[in-house]
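**Q** got a predicted model here, sequence first, then my questions.
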Amino acid sequence: MATTRPESATPTMDARKTSIVVRYTAGPDVTTEQYEETIRRLKNSGDWLPEGLDYHVAFPSNGNLRVSEIWDSREQFNAFVERLMPVLDDVGIKFSAPPEILKVHSIAKR
């Protein structure tokens, strides 16, 4: 028997837009306090949460702070980076490598 999804159900796969995943690894001396200060400054300037940022996750990994994000587009990410970098420089956050940027094939949401 075939079933149909109700009109109000959220799609589990979102192929309507081309998203990107951005993964950052902070340098070994970056603290969670520096991260929190960055977010505080971005909120105070009105730059948090930026347009186009769908998900932002910060977590420790092997002694380093890592951040993974999903953006609606590379253009929106690039526009935010222009505002983000001066704040990171001022707070003293350096990356151990350039951010990794990957094109999303699919996104599943519950």
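**A** Everything's here; your move. Every value quoted in this text rests on a predicted model; they were computed, and no experiment measured them.
**Q** ranges for the helices of this structure?
**A** Assigned by DSSP state H, the helices in the chain fall at 32-45, 74-91.
**Q** what residues are up against the residue sitting nearest the centre point of the chain?
**A** Using Cα atoms, centre = their mean, the residue of the chain that lies closest to the mean C-alpha position is E69, 2.2 Å off. Contacts for E69 (Cβ atoms under 8 Å, 6 or more residues apart in numbering) come out as 21-23, 53-57, 77. Quick note: C-beta positions are derived from backbone N, CA and C, even for glycine.
**Q** what sits opposite it in the beta ladder?
**A** V22, H56 (DSSP bridges).
**Q** from R23, how far off is V91?
**A** Computed as Cβ to Cβ, to the nearest Å, the V91 to R23 distance reads 20 Å.
**Q** picking that back up, tabulate the helices of the chain (CSV), appending distance to N62.
**A** What follows is the helices of the chain, written out as CSV (distance: least, Cβ to Cβ, whole Å):
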stretch, distance to N62
helix 32-45, 15
helix 74-91, 21
